[in-house]
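1. what shape does this take:
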Amino acid sequence: MAINRASIAKELLPGLNAVFGTEYGEVNDEHVPLYEIENSDRAFEEEVLFTGFGTAPVKGEGEAVSFDDAQESFTARYDNETVALAFAITEEAMEDNLYDTFAKLRAKGLARAMANTKQVKAAKVFNNGFSTAASDAIGDGQPFFSASHPTISAGTQTNLFTGAALSEASIETAVIQIQQIKDDRDILIGAQCVSLHIPNDLMFTASQILNSEYSTTIVNNATNVNDINAIRSMGVVPGGMVVNRRFTDTNAYFFKTDVPNGTKMFNRTPLQTKMEPDFDTGNLRFKARERYSFGVSDWRSYVGNEGA
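-> Numbering: from 1, shown residues only. The predicted structure follows:
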């Protein structure tokens, strides 16, 4: 009996979409706490970072108001990549009525592959954030985490800390440094720490530091049992810790600030699935496809430490 591939495809597609969607949703969206998410309707997006205005001068009675221009600092470019993967149901599998079980298993695997790819790409911005390779530079020509971010006033600023393992002291240093972040005109912007982002390896250390009532700092082989944990009591990391399983450096950690429009994800084409027959092989092909991009518009949104 002839195989009606069109009928099989019509029968399979709703079930495969359901299995695919359920499995895709099982993978944690670890990119969501890291990025502001926006939609895109073009091949790429460009965001220009403006410097803001200077300090407002006193206006004398009867005098004209002063004018100022916000200048361009640098441009961040987001190239929307197409991510796609497929599997085939062979003509022989259809002949032997094995296509239903086979297809559902493959659909689950495909869903996890697509979801995991998105999380890996999201984490890559941070995993490569200390890299000095030109391909990893952000719009100002520096690594995401750098001690040499240029300003229009011919100075530099930093969002990089090195050589410090995660500890009370390193968190306190980061919180203070975040509060000292300035705009491109060297004006303090009042930035505050929001959350601590860490790999799996640091989750127990971070939990102890953030949640202990008393200081965990060890002096002369003993903890300062009479010192309060200022990080907890002052609430300087209000968002707590966020674990990302795709961070590859077991020592590196990152502090998110409240500076807006920092790291972004652009969604160009939402996840789509499609099934179609292949004339040459007689197979049925199930394909998943989506388009998106991740990047950095303003380095002030994070402070990074490579760890000890």
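
2. and for K274, nearest residue in space, chain neighbours not counted?
-> K287 (5.1 Å; Cβ to Cβ, 6 or more residues apart in numbering). In short, each C-beta sits where N, CA and C put it, glycine included.

3. contacting residues around that neighbour?
-> Going by Cβ atoms under 8 Å, 6 or more residues apart in numbering, K287 touches A84, L85, A86, T273, K274, M275, E276.

4. that one: what secondary structure?
-> strand (DSSP: H, G, I helix; E, B strand; the rest coil).

5. for it, give me the pLDDT.
-> Note for K287: predicted pLDDT of 91.

6. now do the same contact list for D184.
-> By Cβ under 8 Å, 6+ apart, the contact set of D184 is L49, T51, G52, Q71, S73, T151, I152, S153.

7. using CSV, write out every CA atom in stretch 198-206.
-> Below are the C-alpha coordinates for stretch 198-206, written out as CSV (Å, rounded to 0.1, in the frame of the first residue of the first chain):
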residue,chain,number,x,y,z
ILE,A,198,27.1,33.2,39.7
PRO,A,199,28.0,29.7,38.3
ASN,A,200,26.9,26.6,40.1
ASP,A,201,30.2,26.3,41.9
LEU,A,202,29.7,29.4,43.9
MET,A,203,26.1,29.0,45.0
PHE,A,204,26.8,27.7,48.5
THR,A,205,29.5,30.3,49.2
ALA,A,206,27.2,33.0,47.9
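
8. just use 59 as the starting number from now, easier for me
-> Okay, residue one is now 59; in that scheme the one you just asked about reads as stretch 256-264.

9. so what's D336 closest to, chain neighbours aside?
-> R343 (5.7 Å).

10. I meant G213, not that one.
-> Nearest to G213 is D244, by Cβ to Cβ, 6+ apart, at 6.6 Å.

11. go on, T306?
-> Nearest residue to T306 in three dimensions, chain neighbours excluded: N185, at 4.8 Å (Cβ to Cβ, 6+ apart).

12. before we move on, back to that, among the contacts of D242, which two are most distant?
-> Farthest pair in the contacts of D242 (Cβ to Cβ) is L107 and S211. Separation: 14.5 Å.

13. about what we covered before: secondary structure, pLDDT and neighbour count added to the contacts of D242, as JSON lines?
-> Output for those, formatted as JSON lines (DSSP: H, G, I helix; E, B strand; the rest coil; pLDDT from 0 to 100; neighbours: other Cβ atoms under 10 Å):
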{"residue": "L107", "secondary structure": "strand", "pLDDT": "82", "neighbour count": "22"}
{"residue": "T109", "secondary structure": "coil", "pLDDT": "72", "neighbour count": "18"}
{"residue": "G110", "secondary structure": "coil", "pLDDT": "72", "neighbour count": "14"}
{"residue": "Q129", "secondary structure": "coil", "pLDDT": "73", "neighbour count": "13"}
{"residue": "S131", "secondary structure": "strand", "pLDDT": "80", "neighbour count": "20"}
{"residue": "T209", "secondary structure": "coil", "pLDDT": "85", "neighbour count": "16"}
{"residue": "I210", "secondary structure": "coil", "pLDDT": "82", "neighbour count": "14"}
{"residue": "S211", "secondary structure": "coil", "pLDDT": "77", "neighbour count": "13"}
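
14. perfect, that will be all.
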